[in-house]
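**Q** Pasted the sequence and its predicted model underneath.
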Amino acid sequence: MAGWWAVTEQSSSSIVETLYSDHHGWLQGWLRRKLGNATEAADLAHDTFVRILGRRQRDAIQEPRAYLATIANGLVVSHWRRRTLEQAWLDALKAQPEPLAPSPEERALILETLEEIARLIDGLPERVREIFLYSQIEGYTYTQIAQKLALSVNVVQKAMTRAVAHCYKALYA
């Protein structure tokens with residue numbers, strides 16, 4: 001098959017067409033044997049011809065199968081490298097702990113604690129409870145609470161003192 005084409009005799013696209021029609025079946029079989037997977041072989045055979053189409057210079061090729069095998073082999077190496085990287089990523093993901101979800105025992109403790117907190121603050125007057133929740137749950141500062149509720153900072157401080165004293169008595173009295 002030496003000298004099977006010359007650029008001067010054919011247009012660049014017809015050279016690739018001839019190369020494709022004469023050697024695509026052989027290349028795909030070669031890749032299938034190398035990869036052990038017909039689908040991947042078909043993809044890489046296609047990519048080989050796309051690579052050839054992307055080249056600007058298409059001089060006369062003395063050994064078209066060696067030329068195709070060289071390009072395809074580079075694609076196989078890239079394919080295996082990508083596959084190895086993907087597998088390493090999947091292995092790293094598998095090694096990560098599952099999302100932290102509370103166990104049934106932890107859920108029971110959390111619910112019990114929340115019920116206790118609800119019981120503690122239920123005994124507070126409505127305004128004091130509201131100030132306490134803004135401070136402890138929402139994380140507002142005394143100044144922010146005062147602005148939000150149109151109160152003085154002094155009133156907010158006194159309400160918080162009352163709420164904390166109430167919770168302390170309920171827990172330790």
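**A** Received the coordinates, thanks.
**Q** Enumerate the positions of the one helix or strand in the chain whose mean pLDDT sits lowest that are buried.
**A** Across the helices and strands of the chain, mean confidence by mean pLDDT, DSSP states H and E is lowest for helix 104-122: a mean of 80. In terms of neighbour count (16 or more other CB atoms under 10 Å), helix 104-122 has its buried residues at L120, I121. In short, each C-beta sits where N, CA and C put it, glycine included.
**Q** and that helix, what other elements does it pack with?
**A** On a contact count with 3 or more CB pairs under 8 Å, 6 or more residues apart in numbering; DSSP states H and E, helix 104-122 meets helix 126-136, helix 153-172.
**Q** mind listing what's buried in the first one?
**A** The neighbour-count criterion (16+ other CB under 10 Å) identifies V128, R129, E130, I131, F132, Y134, S135 as the buried residues of helix 126-136.
**Q** list the helices and strands it packs on?
**A** helix 104-122, helix 142-149, helix 153-172.
**Q** May I have the shortest one exported as CSV, CA atoms only?
**A** So that's helix 142-149. Provided in CSV are the C-alpha atoms of helix 142-149 (Å, rounded to 0.1, in the frame of the first residue of the first chain):
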residue,chain,number,x,y,z
TYR,A,142,-29.4,43.2,71.6
THR,A,143,-29.2,46.3,69.4
GLN,A,144,-30.7,44.4,66.4
ILE,A,145,-33.5,43.0,68.6
ALA,A,146,-34.2,46.5,70.0
GLN,A,147,-34.5,47.9,66.4
LYS,A,148,-36.6,45.1,65.1
LEU,A,149,-39.1,45.3,68.0
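**Q** What does the closest residue to L19 other than its chain neighbours show for phi and psi?
**A** Nearest non-adjacent residue to L19, counting by CB to CB, 6 or more residues apart in numbering: P64, 5.9 Å away. Here is the backbone geometry of P64 (degrees, to the nearest 10): phi -60, psi -40.
**Q** Might one say that P64 is in contact with T18?
**A** No. Counting by CB atoms under 8 Å, P64 stays clear of T18, with 9.1 Å between them.
**Q** More neighbours: those two, which one.
**A** P64 (18 against 14; other CB atoms under 10 Å).
**Q** what's the distance between the helix or strand where H46 lies and the middle of its chain?
**A** Assigned by DSSP states H and E, H46 belongs to helix 38-54. Helix 38-54 sits 28 Å away from the centroid of its parent chain (CA atoms, centre = their mean, to the nearest Å).
**Q** Could you look up the next helix or strand downstream of it?
**A** Assigned by DSSP H and E, the successor of helix 38-54 is helix 64-95.
**Q** what pLDDT, on average, does that next one get?
**A** Averaging pLDDT along helix 64-95 yields 85.
**Q** quick one on the thing from earlier: quick one: average pLDDT of the helix holding H46?
**A** 91.
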